[in-house]
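Student: Build me a model from this:
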Amino acid sequence: MTGVPASAAGGPSQAGAAGNAAGSLGASRAGSSKAGGSKVGGSKAGGPSATGAESGGQDGAKPPRGGKIAAAAVNQASVWNVANLLTMLRLVLVPAFVALMLADGGYDPAWRSLAWAAFAIAMITDLFDGHLARTYNLVTDFGKIADPIADKAIMGAALICLSALGDLPWWVTIVILGRELGITLLRFIVIRYGVIPASRGGKLKTLTQGVAVGMYILALTGWLATLRWWVMAAAVVLTVVTGLDYVRQAIVLRRQGIAERKAALEETEA
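Tutor: Next up is the predicted model:
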């Protein structure tokens with residue numbers, strides 16, 4: 001009699017277990033059918049998430065093969081900005097200016113007027129390219145090197161042409177070009193201690209030089225010819241004065257740099 005109750009007791013438990021198993025199987029099938037339905041719709045909804053996961057895996061694990069090539073292309077393309085194009089234009093204008101300046105013996109008023117136009121364009125672009133580069137974050141290594149070269153090239157070409165034609169004394173050309181090259185060299189010498197900023201006097205010097213040289217390029221006569229002499233005299237004075245001021249700034253900057261390095265060395269040893 002004891003075996004009967006046990007089998008009877010076991011029957012319901014087994015049936016309950018079987019029922020639970022069947023219910024679980026049915027639920028799993030129903031769930032799978034629902035999952036299948038959501039999977040169909042989820043191919044659209046889940047697509048971006050899957051793509052995001054894949055892209056996240058790529059970003060976190062391995063960069064795309066063309067990433068470095070694309071980055072290099074961007075860096076190369078960044079050189080071709082407005083500021084650098086203006087600098088390149090000035091470089092191209094240098095040989096064009098010399099050709100116009102020396103055309104027909106160098107004394108034809110028409111050719112001199114065209115040479116003045118080329119010189120004026122170069123000087124105007126000089127005022128804008130640096131401003132554009134700093135304002136719109138277009139500063140590049142090419143611009144840092146090419147911009148001062150273009151400035152010195154167009155001014156040097158104009159001064160040498162004027163002196164070669166006898167319109168301007170050679171000592172004026174030597175003073176101006178000697179100052180420009182000397183200050184440029186001085187900047188490179190003291191760059192380890194800091195940068196010599198452009199002063200207002202230096203900007204005024206550049207403007208005065210441009211106006212004076214432009215007036216000498218034109219075939220002026222009468223009181224305008226006398227006026228250009230005074231403008232050039234002012235440009236020479238500003239050239240010398242600002243050059244001496246830059247030398248003073250370079251000496252002070254070098255002394256400060258040496259003192260700071262010495263103090264840092266003593267502090268490290270202590």
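Student: Next, the buried residues of stretch 102-114.
Tutor: For stretch 102-114, the buried set under the neighbour-count rule, 16 or more other Cβ atoms under 10 Å, comprises 106, 111-112, 114. Placement of C-beta: from N, CA and C, glycine included.
Student: pLDDT on stretch 235-249, on average?
Tutor: The pLDDT scores in stretch 235-249 average 94.
Student: quick one: contacts of that stretch?
Tutor: Outside stretch 235-249, the residues that touch it by Cβ atoms under 8 Å, 6 or more residues apart in numbering are 172, 175-176, 179, 182-183, 186, 196, 199, 201-202, 204-205, 208-209, 211-213.
Student: can you pull out the helices in this protein?
Tutor: Along the chain, counting by DSSP state H, helices occupy 3-60, 67-78, 82-102, 109-135, 141-164, 170-189, 200-217, 223-269.
Student: With just CA atoms, put the fifth one into CSV.
Tutor: Taking C-alpha atoms only, helix 141-164 is exported to CSV below (Å, rounded to 0.1, in the frame of the first residue of the first chain):
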residue,chain,number,x,y,z
ASP,A,141,54.8,75.0,-42.3
PHE,A,142,54.8,76.0,-46.0
GLY,A,143,53.3,79.4,-45.2
LYS,A,144,55.8,80.0,-42.4
ILE,A,145,58.7,79.5,-44.8
ALA,A,146,57.3,80.8,-48.1
ASP,A,147,55.7,84.0,-46.7
PRO,A,148,58.9,85.8,-45.6
ILE,A,149,60.7,84.6,-48.7
ALA,A,150,58.0,86.1,-50.9
ASP,A,151,58.1,89.4,-49.0
LYS,A,152,61.9,89.7,-49.3
ALA,A,153,61.9,88.6,-52.9
ILE,A,154,59.4,91.2,-54.3
MET,A,155,61.0,94.0,-52.3
GLY,A,156,64.5,93.0,-53.2
ALA,A,157,63.7,92.6,-56.9
ALA,A,158,62.2,96.1,-57.0
LEU,A,159,65.1,97.7,-55.2
ILE,A,160,67.7,96.0,-57.3
CYS,A,161,65.9,96.8,-60.5
LEU,A,162,65.6,100.5,-59.5
SER,A,163,69.3,100.7,-58.6
ALA,A,164,70.4,98.9,-61.7
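Student: Tell me the buried residues in it?
Tutor: 142-143, 146-147, 150-151, 153-163.
Student: Quick one: work out the angle between that helix and helix 82-102.
Tutor: Using axes from the mean of the first three to the mean of the last three Cα atoms, to 10 degrees, the inter-axis angle of helix 141-164 relative to helix 82-102 is 20 degrees.
Student: what does the last one give?
Tutor: Taking the same axes, to 10 degrees, helix 223-269 and helix 82-102 form an angle of 140 degrees between their directions.
Student: distance between helix 223-269 and the chain's centre?
Tutor: From the chain centre to the centre of helix 223-269 is a distance of 26 Å (Cα atoms, centre = their mean, to the nearest Å).
Student: now it and helix 200-217, what's the angle there?
Tutor: 150 degrees.
Student: same question, the fifth one
Tutor: With the same axes, to 10 degrees applied, the angle from helix 141-164 to helix 200-217 works out at 50 degrees.
Student: Which strands or helices does helix 141-164 pack on?
Tutor: If contacts are counted by 3 or more Cβ pairs under 8 Å, 6 or more residues apart in numbering; DSSP states H and E, helix 141-164 sits against helix 82-102, helix 109-135, helix 170-189, helix 200-217.
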